[in-house]
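1. What would the 3D arrangement of this be:
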Amino acid sequence: MASIRINGVPEPPAPTAPAHEPWPDDDPVSIRADELFARRLDTEFSAGVRTLLHDPETGLSSLSGEAALEAVAGVYPALEALKQRTLADAVGPRQKALLAPLIDTRLDWAASTIGRLAERATVEVDDLSVAERLAGLPPPCRRRLSKVRSIRP
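-> Take a look at the predicted model:
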């Protein structure tokens, strides 16, 4: 049934979402709820990072050589997008403040892991390049070089 508008009577305001915090600032229960929600988001972020880096089928660690080196460039934008999606899921500034340092710690770990994987891929590419060059040498040269010890520690 339609409502009748009466002049002079203001219409009730439309319900709106909370401006900043969904719960009071000083309520211990709401603080704990924010902490738990931030931890859950951190766990989801961590799972996303692990998938990007270590998934057996699609992760960076499943690649080798030049394919891994090419994939390194695509991992950083994917991590940034994952970070932005995770921070967007946080409700209110307190949850974001709790979540941001956790995400930064995970990103530091991911950067060091990406560095190790890139180093491994670089060594693989270098070794393959050296092997190809040695294969192109005449047999007498290859025999002499096979007697030389590796320069790697």
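2. Let me see the mean pLDDT of the one helix or strand V75 maps to.
-> Secondary structure assigned from DSSP states H and E places V75 in helix 65-89. In this model, helix 65-89 has an average pLDDT of 92.
3. Report all helices and strands that the helix or strand following that helix contacts.
-> Scanning forward in sequence from helix 65-89 by DSSP H and E, the next helix or strand is helix 92-135. The elements that helix 92-135 packs onto, with contact taken as 3 or more Cβ pairs under 8 Å, 6 or more residues apart in numbering; DSSP states H and E, are helix 28-54, helix 65-89. Heads up, the C-betas are built off the backbone N, CA and C, glycines and all.
4. out of those helices, nearest to T105?
-> Evaluated over the helices and strands packed on helix 92-135, closeness to T105 peaks at helix 28-54, with 9.0 Å, by Cβ to Cβ.
5. and the helix holding V75, which residues are buried?
-> Going by neighbour count (16 or more other Cβ atoms under 10 Å), the buried part of helix 65-89 is G65, A68, L69, A71, V72, V75, L79, L82, K83, T86.
6. gap between the spatially most central residue of the chain and L53?
-> The centroid of the chain falls nearest to L79 when counting by Cα atoms, centre = their mean (3.2 Å). For L79, the distance to L53 equals 9 Å [Cβ to Cβ, to the nearest Å].
7. re the thing from before, I'd like the helices and strands packed on helix 92-135 as CSV, with distance to W109 appended.
-> Below are the helices and strands packed on helix 92-135 laid out as CSV (distance: least, Cβ to Cβ, whole Å):
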stretch, distance to W109
helix 28-54, 8
helix 65-89, 11
